[in-house]
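K.L.:
Give the three-dimensional model of this entry:
(chains A and B)
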Protein chains: 2
Amino acid sequence: MTTTEMYIDLTRRLSDITAIEESLGILQWDQEIVMPKGATAARGRQMATLAAILHQNVSSPALGGLLERLSAAGDLDELAQANVREANRDHQRAAKIPEDLVRQWTALTVQAHDVWVDARQATDFDLFRPTLERLVELAKRRAAAVDPNRAAYEVLIDEFEVGMSMARIDQVFAELKATLIPLIAQVRARFDRGGLPNTAWLQTHVAPQLQREVGEAMVRALGFDFDRGRLDTSVHPFCGGAGTDDVRITTRYKETAFLGSLSGMIHETGHALYEQGRNRGLGDQPVSRARSMGIHESQSLLWEKQVGQAAAFWQPHYPLLQSKYEFLANVPFDDFVFGLNLVDLQNFIRVDADELTYPLHVILRYEIERDLFADRLTVAEIPQAWNDKMQQYLGIVPPNAAQGCLQDVHWSGGSFGYFPSYTLGAVYAAQFMQSARLSVAVEATLSAGQIEPLLSWLRSHIHQHGSRFSTDELVTRATGRPLDTAPFLAYVTAKYERLYGL
Amino acid sequence: MTTTEMYIDLTRRLSDITAIEESLGILQWDQEIVMPKGATAARGRQMATLAAILHQNVSSPALGGLLERLSAAGDLDELAQANVREANRDHQRAAKIPEDLVRQWTALTVQAHDVWVDARQATDFDLFRPTLERLVELAKRRAAAVDPNRAAYEVLIDEFEVGMSMARIDQVFAELKATLIPLIAQVRARFDRGGLPNTAWLQTHVAPQLQREVGEAMVRALGFDFDRGRLDTSVHPFCGGAGTDDVRITTRYKETAFLGSLSGMIHETGHALYEQGRNRGLGDQPVSRARSMGIHESQSLLWEKQVGQAAAFWQPHYPLLQSKYEFLANVPFDDFVFGLNLVDLQNFIRVDADELTYPLHVILRYEIERDLFADRLTVAEIPQAWNDKMQQYLGIVPPNAAQGCLQDVHWSGGSFGYFPSYTLGAVYAAQFMQSARLSVAVEATLSAGQIEPLLSWLRSHIHQHGSRFSTDELVTRATGRPLDTAPFLAYVTAKYERLYGL
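P.N.:
Numbers count the residues shown, from 1 in each chain, chains lettered A, B, ... in the order given. Okay, here's the model as predicted:
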């Protein structure tokens, strides 16, 4: 076979693999959004079977042989080489995990979701504990299968953040703590002095139906393509679906926190814009996939925080919001912007957290996961460790497990090692925004109600590239340097000093 | 390996096969109910891949070898033998169809659904014609692959109605025509004489939301388990989903035909009760599957027509209906029952048809399909043939293709050979009802609002057996004889003579 023939054979195999992954995406969305409760066991069987078939396809020796020959071929163009590289990494990893473990893992995560929902509703960690212990045990077995010589947690992180080391995360998180903890202390002192704008309007009761109407209009205004996606309601907001042409975001509505659901929708729209902006011509090939979860979160956080909490963005949209939410008629624009960026020092919930405290929520989880997989912490000790760290980093202790260690969906889905991606994303977002400003008049265009200029910059510098480059190369091409906390720290420092008159 | 070891290996393989089928069920439901339009091509790719994987599994030589050895083993119990027999038939059939054809077929049916929806909306058969030609061509290739020595159409029918011959269907349909055509003529003459109850109330405008509320209450009253199923809205009503624990029915609401959607919901509930009544312990094995589509339709039609149009059933429910639909306050109960059973001699739509004209809608489709696959009719000639037969059997001609040959979803899904099952189902339903009366006081229990006695009879005589017996054996065990038109013809003759005073 010529290189071209081999490459065509490869793309067909990879297209099938993508189709199975996308089918699993639909089964998962279905489970969370529409599936009847009694179907949980059957769904576990269905997803375990598809996961096993996916694993058979990805780990197949025939695919491995093809990848080996194509990796050595000198006559592939750069995009094809990148496609081979991405597929080969997946293959190498999968080939090390026994199929039996894949089946157990998938069946367990499907059951675990329901157990977690029930435990959270009952605010009882002990209901979830045995399941979580089993999840951690299987995750350790996965990690050991992939690379017994590397720390288990780092192997797990690699699934979401290829090439990222714990040492580098430790360094980044140390830099963040060094700036954020004193900055939060300054904000706390400022609150104690009083005289800040009134934000009681944030708790105004707004019917979910009206929230949905306003949120959907905003999602649309940001450029989400409803012909290639959906917006639904779920227990835990997520962006899922089945590839670039079927991107499904979800939200939840809290009647006394309308901004929470609005910013949540903007966050998921950021993810969705990345997915919808992928290279559609290669939509069934690994090279078109999102680069990493850190880059994914950079897109959600860029829109949610850097754009969605900026005065410039709201200038053209605030009158619309006031027309829908009558109580805003008496809220001056500056107070609204202050409210958007309110640092809530009593908040226990990561997804509701502001820019300043959010990284500490993540660092807490990172440290717990790191210690769990290094056998320095048991599952039974998590609630206490959680509360201790909440006290240490944020000075508050959640009243129950539902607002503490049961609040996130991640562990029930087996996504250990995902949390760092959120804060890496916030750091990347600030880097991207700083660079975008060099060629896009961000404030001027947002003030004029134009989303397109900023979105175009992201499309051409991030979305279109998918996994063509390594994370470091992608970020360096877009911003001139790899991961760097300086833009994020400069941004939050300037912003919160200004808002709070520090 | 011992027989037991081989059988355990078999059940694992069959469980995987069922899981893939059920996953396809979810992808299909998703496509019709919630999928964004722009995802059609991607969904085609996903379903074609899963269909190919399903085909690989069902046709696998390893499975074939196992089935061969187990078919010859003397020490399996009767239920296991039946499971092997059902699996073996699927295997033998699949092994004859090339995978490439399976992929083409699936991808085409996914695209065809959208083409059909558009053509039907545009009332333009020519928009659908090239796609339908391709569907017929591929269906012929499938049939020829399975059995080149048998009439293509009979091979296709076999997918829905195992063991049924065209000769037997011709015989049954001839018997029906011989009774129904003169009976309809009598009804027509009775209409011409006038003085029948006023049925103008049937067209009263009822908001879809209210129809849904009433319909859902009725679906629940009939015993549909919402913990193991859903009710949604779709272009064409269907019962789908993913196995006995995830049964999904759909309906559509026409604002000026509330009884149509209500009876449609009862129809789909009949299908759902069959699925939910399968042997759950064997839910992932072929032996638990519905016996045939004719038996499936017997369950939907038994509830829709024999029960849902009976005075006894409505006696306890009519006051509830009157409380929801105010305009029924002035409709006497007898007039309501007359309206439920109204023979609409101007109706073009199969799913809206009454018991007397429905079989003629089916016979028309059967004859067109039969001639199409025998090359006595081309796709381009279908609209004319359709209208000619409508004129011949029912004395009316549809004003456009949307109300004629574009009305049904079946051809877009490639379900050639399905239509006869509806009318075989009506015949079986009358047989079952006649036998159920021997042990259940049907009228007395329904009049008392009790569904359980009749449902229990169906559970134990039909649902629980799945595919354990051949169709003829199942029907003979339940009714003392195989397929027989006499009970159906006696039932409709008596009923319509009484209603119309013939």
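K.L.:
Show me what residue of the stretch 251-400 of chain A gets nearest to chain B.
P.N.:
When distances are taken as CB to the nearest CB, the stretch 251-400 of chain A approaches chain B most closely through A:D284, which lies 6.6 Å from it. Quick note: C-beta positions are derived from backbone N, CA and C, even for glycine.
K.L.:
again, but for the stretch 301-450 of chain A
P.N.:
Nearest residue of the stretch 301-450 of chain A to chain B (CB to the nearest CB) works out as A:G413 at 18.6 Å.
K.L.:
out of everything not next to it in sequence, what's closest to that residue?
P.N.:
Beyond its immediate neighbours in the sequence, the residue positioned closest to A:G413 (CB to CB, 6 or more residues apart in numbering or on different chains) is A:T109, lying 5.3 Å away.
K.L.:
neighbouring contacts of stretch A:229-239?
P.N.:
Among residues not part of stretch A:229-239, those counted as contacts by CB atoms under 8 Å, 6 or more residues apart in numbering or on different chains are A:32-33, A:117, A:208, A:212, A:215-216, A:219, A:224, A:241, A:246-253, A:264-265, A:267-268, A:271-272, A:275-276, A:300, A:351, A:408-409, B:34, B:36.
K.L.:
ok, of these, which come out buried?
P.N.:
Under a neighbour-count criterion of 16 or more other CB atoms under 10 Å in any protein chain shown, the subset of these counted as buried comprises A:32-33, A:117, A:208, A:212, A:215, A:219, A:224, A:241, A:246-253, A:264-265, A:267-268, A:271-272, A:275-276, A:300, A:351, A:408-409, B:34, B:36.
K.L.:
Name the residues of stretch A:316-325 that are buried.
P.N.:
Buried-residue list, stretch A:316-325, by 16+ other CB under 10 Å: A:H317, A:Y318, A:L321, A:Q322, A:Y325.
K.L.:
meant to ask about stretch A:228-239
P.N.:
When neighbours are counted by 16+ other CB under 10 Å, the buried residues of stretch A:228-239 are found to be A:R228, A:G229, A:R230, A:L231, A:D232, A:S234, A:H236, A:P237, A:F238, A:C239.
K.L.:
With stretch A:296-315 instead?
P.N.:
Within stretch A:296-315, the residues that count as buried by 16+ other CB under 10 Å are A:296-311, A:313-315.
K.L.:
Helices - which of those land there?
P.N.:
In helices, judged by DSSP state H, the following of those are found: A:H296, A:E297, A:S298, A:Q299, A:S300, A:L301, A:A311, A:F313, A:W314, A:Q315.
K.L.:
residues in contact with the closest residue to A:Y253 other than its chain neighbours?
P.N.:
The shortest distance from A:Y253 to any residue that is not its chain neighbour, by CB to CB, 6+ apart, is 3.8 Å, and that residue is A:P208. When contacts are counted by CB under 8 Å, 6+ apart, A:P208 is found next to A:T233, A:Y253, A:E255.
K.L.:
Kindly recompute the last result at 10 Å.
P.N.:
A:P208 makes contact with A:G215, A:T233, A:T251, A:R252, A:Y253, A:K254, A:E255, A:F258, A:S261, according to CB atoms under 10 Å, 6 or more residues apart in numbering or on different chains.
K.L.:
quick one on the thing from earlier: now do the contacts for the residue nearest to A:G413.
P.N.:
Counted by CB under 10 Å, 6+ apart, A:T109 has contacts A:28, A:44, A:47-48, A:51, A:131, A:135, A:138, A:411-415.
K.L.:
What separation do you get for it and chain B?
P.N.:
Taken as CB to the nearest CB, to the nearest Å, the spacing of A:T109 relative to chain B amounts to 16 Å.
K.L.:
buried stuff in the one helix or strand that residue maps to?
P.N.:
Taking DSSP states H and E as the criterion, the element that holds A:T109 is helix A:99-121. In terms of neighbour count (16+ other CB under 10 Å), helix A:99-121 has its buried residues at A:102-117, A:119-120.
K.L.:
avg pLDDT for that helix?
P.N.:
Per-region confidence: helix A:99-121 scores 91 on mean pLDDT.
K.L.:
Please save the CA atoms from the helix or strand just after that helix in CSV.
P.N.:
For helix A:99-121, the following helix or strand on the C-terminal side (DSSP H and E) is helix A:125-146. What follows is helix A:125-146, C-alpha atoms only, in CSV (Å, rounded to 0.1, in the frame of the first residue of the first chain):
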residue,chain,number,x,y,z
PHE,A,125,-21.6,11.6,51.7
ASP,A,126,-21.7,8.1,53.2
LEU,A,127,-24.3,7.1,50.5
PHE,A,128,-21.7,8.0,47.8
ARG,A,129,-18.5,6.8,49.7
PRO,A,130,-18.5,3.1,48.7
THR,A,131,-19.0,4.0,45.1
LEU,A,132,-16.3,6.7,45.2
GLU,A,133,-13.9,4.2,46.8
ARG,A,134,-14.5,1.8,43.9
LEU,A,135,-14.1,4.6,41.4
VAL,A,136,-10.7,5.6,42.9
GLU,A,137,-9.6,2.0,43.0
LEU,A,138,-10.5,1.4,39.3
ALA,A,139,-8.9,4.8,38.4
LYS,A,140,-5.7,3.7,40.1
ARG,A,141,-5.8,0.4,38.1
ARG,A,142,-6.2,2.3,34.9
ALA,A,143,-3.3,4.6,35.7
ALA,A,144,-1.1,1.7,36.7
ALA,A,145,-1.9,-0.1,33.4
VAL,A,146,-1.0,3.0,31.3
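K.L.:
Okay then, goodbye and thanks.
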